[in-house]
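Peer 1: Here is my input; please provide its structure:
(one chain, ligands or ions: 1)
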Amino acid sequence: MASQETEVSALIDTLRDSLPQKGSDGSYNREQLKDVAERLSIALETPGETCQRVTYYPLRTTIVRIATRLNILNILIDSNGPISGKELSHKVGADHLLLIRLMRFLVAMHVVGEAGVDSYVATTITRHLTIPKLEAGTKHTYDIVCMAAKQLDPFLAKTGYKNPNDPKHCAFQDAFHTEENLFEWFPKHPEYLNNFNLYMTGQRDGRANWIDFFPLEEQLAKGFEGGDDAVMLVDIGGARGHEVENIKNRYPHLPGRFILQDLPETVKQALPVKGMEAMEHDFFTPQPIKGARAYYLRNIMHDWPDSKCQQILSQTKAAMKPGYSKIILNELVLPDKGMSLTAAQLDITMMTVLAATERTER
Ligand SMILES: C[S@@+](CC[C@H](N)C(=O)[O-])C[C@H]1O[C@@H](n2cnc3c(N)ncnc32)[C@H](O)[C@@H]1O
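Peer 2: Numbering: from 1, shown residues only. Sure, this is the predicted structure:
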């Protein structure tokens with residue numbers, strides 16, 4: 001095992017070497033730099049700091065959730081300059097002393113900046129967290145995922161450490177005292193459903209978008225049979241239709257109908273996308289749109305255990321025209337080793353709230 005000093009100096013060398021390596025677009029390899037910087041920060045830790053890092057995360061999510069509930073971050077953005085703790089405490093209706101304590105934590109997390117003693121400013125991170133679809137993500141993660149995650153340890157212990165595979169029997173039900181699965185429960189809790197649906201539009205932000213690398217025209221437009229009445233694509237479980245919107249913006253000339261399918265409460269919130277037809281459909285029942293060119297499912301398989309995925313795919317298969325229709329699955333593919341924390345978090349999230357799973361290629 002390398003000494004801490006050797007490890008740190010090797011990482012500093014890697015950082016120095018990585019900086020001049022620019023991609024074809026002239027920018028740094030952001031992910032590589034981030035990875036080395038993070039490993040450097042970890043290599044510099046004392047044992048006590050390691051303990052702090054791995055155990056105190058729930059406080060971070062909690063403080064950010066309180067800040068979003070009090071609208072602190074948006075007020076900082078709108079103030080266009082420093083704002084005093086006193087003024088901020090009046091605006092949000094919290095004790096000045098309480099506000100100071102919350103702000104200390106937000107400053108320490110670099111979520112907000114300090115302009116002086118008890119004076120605060122927005123930073124780049126404040127801006128990241130106030131992008132509406134990502135703000136919805138901070139709410140959904142705290143309100144649903146973190147509450148269920150608190151029950152994961154007792155749930156796994158009581159079920160004898162079996163891999164969860166029943167969406168009606170996972171940590172979510174213990175946390176929310178319900179027998180329904182998450183998607184049955186959501187429509188009765190519109191505030192949570194709205195946050196979830198908004199978050200889904202931003203959940204892949206910062207990652208490659210499939211329409212930038214998938215040869216969609218080559219694969220779908222070429223060989224498309226029929227005129228404007230024929231269906232080009234059905235987005236199954238497409239939430240509010242943000243993926244259809246992306247395709248339409250990118251390929252406005254594609255012929256045929258584009259159909260969004262989801263559960264009734266979500267279809268009611270469908271985006272006003274020109275040329276998109278929104279349709280209520282439960283994907284465990286027979287697919288009513290027969291012979292479409294493509295059936296697209298993004299982040300659907302990861303919501304369900306294998307047996308349920310087979311049901312969804314069987315219903316889709318029965319509607320397909322042999323030799324013509326295609327199924328497009330857009331899912332995260334886990335590596336066999338060298339997992340990123342982002343991917344591992346998503347996998348355990350799926351286990352916690354739906355007894356579901358991210359999958360490797362195998
Ligand atoms: C993880 S979200 C993915 C949304 C969208 N495809 C995306 O990638 O942003 C799962 C979607 O499946 C929908 N869903 C859940 N159960 C369903 C069912 N039985 N029939 C149809 N849609 C369902 C949810 O309402 C939700 O919009």
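
Peer 1: how about low-confidence regions in this protein?
Peer 2: Across the chain, the ranges flagged by pLDDT under 70 are 1-2, 24.

Peer 1: Around the ligand, pick out the residues from it.
Peer 2: Proximity of the chain to the ligand, by C-beta under 6 Å from any ligand atom, involves residues 183, 200, 237-239, 262-263, 266, 281-284, 298-300, 303. The C-beta positions use only the backbone N, C-alpha and C, and glycine is treated the same way.

Peer 1: Compare the residues you listed and tell me which is most surrounded.
Peer 2: Per-residue neighbour counts (other C-beta atoms under 10 Å) across the residues of the chain next to the ligand peak at residue 238, which has 29 neighbours.

Peer 1: isn't that one right next to residue 258, touching?
Peer 2: No: under the criterion of C-beta atoms under 8 Å, residue 238 is not in contact with residue 258, lying 9.7 Å apart.

Peer 1: what do those two both touch?
Peer 2: Counting by C-beta atoms under 8 Å, 6 or more residues apart in numbering, the residues touching both residue 238 and residue 258 are residue 244.

Peer 1: For the helix or strand residue 36 falls within, list the C-alpha coordinates in PDB.
Peer 2: Here residue 36, judged by DSSP states H and E, is contained in helix 30-43. What follows is helix 30-43, C-alpha atoms only, in PDB (Å, rounded to 0.1, in the frame of the first residue of the first chain):
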ATOM      1  CA  ARG A  30     -13.900  17.600 -16.900                       C
ATOM      2  CA  GLU A  31     -14.800  14.200 -15.600                       C
ATOM      3  CA  GLN A  32     -11.200  13.000 -15.500                       C
ATOM      4  CA  LEU A  33     -10.100  16.200 -13.600                       C
ATOM      5  CA  LYS A  34     -13.000  15.900 -11.200                       C
ATOM      6  CA  ASP A  35     -12.200  12.200 -10.500                       C
ATOM      7  CA  VAL A  36      -8.500  13.000  -9.800                       C
ATOM      8  CA  ALA A  37      -9.400  16.000  -7.700                       C
ATOM      9  CA  GLU A  38     -11.800  14.000  -5.600                       C
ATOM     10  CA  ARG A  39      -9.300  11.100  -5.100                       C
ATOM     11  CA  LEU A  40      -6.700  13.700  -4.100                       C
ATOM     12  CA  SER A  41      -9.100  15.200  -1.500                       C
ATOM     13  CA  ILE A  42      -9.800  11.700  -0.100                       C
ATOM     14  CA  ALA A  43      -6.100  10.900   0.000                       C
END
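
Peer 1: Quick check: closest non-adjacent residue to the residue positioned nearest the centre of the chain.
Peer 2: Central residue of the chain (C-alpha atoms, centre = their mean): residue 203, 3.1 Å from the mean position. Excluding its sequence neighbours, the residue lying closest to residue 203 (C-beta to C-beta, 6 or more residues apart in numbering) is residue 137, at 6.9 Å.

Peer 1: which residues sit in contact with the one you found?
Peer 2: 195, 199, 202, 203.

Peer 1: next helix or strand past the helix holding residue 36?
Peer 2: Per DSSP H and E, the first helix or strand lying C-terminal to helix 30-43 is helix 47-55.

Peer 1: Which is the succeeding secondary structure element to that next one?
Peer 2: Sequence order places helix 57-69 as the next helix or strand after helix 47-55, per DSSP H and E.

Peer 1: Show me what the helix holding residue 36 is packed against.
Peer 2: On a contact count with 3 or more C-beta pairs under 8 Å, 6 or more residues apart in numbering; DSSP states H and E, helix 30-43 meets helix 4-18.

Peer 1: Residues in contact with the helix it packs on: which ones?
Peer 2: If you take C-beta under 8 Å, 6+ apart as the criterion, helix 4-18 is touched by 2, 28, 29, 32, 33, 36, 37, 39, 40, 43, 44.

Peer 1: hey, C-alpha coordinates of that helix in CSV?
Peer 2: The C-alpha coordinates for helix 4-18 follow below in CSV (Å, rounded to 0.1, in the frame of the first residue of the first chain):
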residue,chain,number,x,y,z
GLN,A,4,-0.3,8.8,2.0
GLU,A,5,2.5,11.2,0.8
THR,A,6,3.3,9.0,-2.3
GLU,A,7,-0.4,8.7,-3.2
VAL,A,8,-0.9,12.4,-2.8
SER,A,9,2.1,13.4,-4.9
ALA,A,10,1.1,10.8,-7.6
LEU,A,11,-2.3,12.3,-7.8
ILE,A,12,-0.9,15.9,-8.0
ASP,A,13,1.3,14.7,-10.9
THR,A,14,-1.8,13.2,-12.6
LEU,A,15,-3.7,16.4,-12.1
ARG,A,16,-0.8,18.5,-13.6
ASP,A,17,-0.6,16.1,-16.6
SER,A,18,-4.3,16.0,-17.2
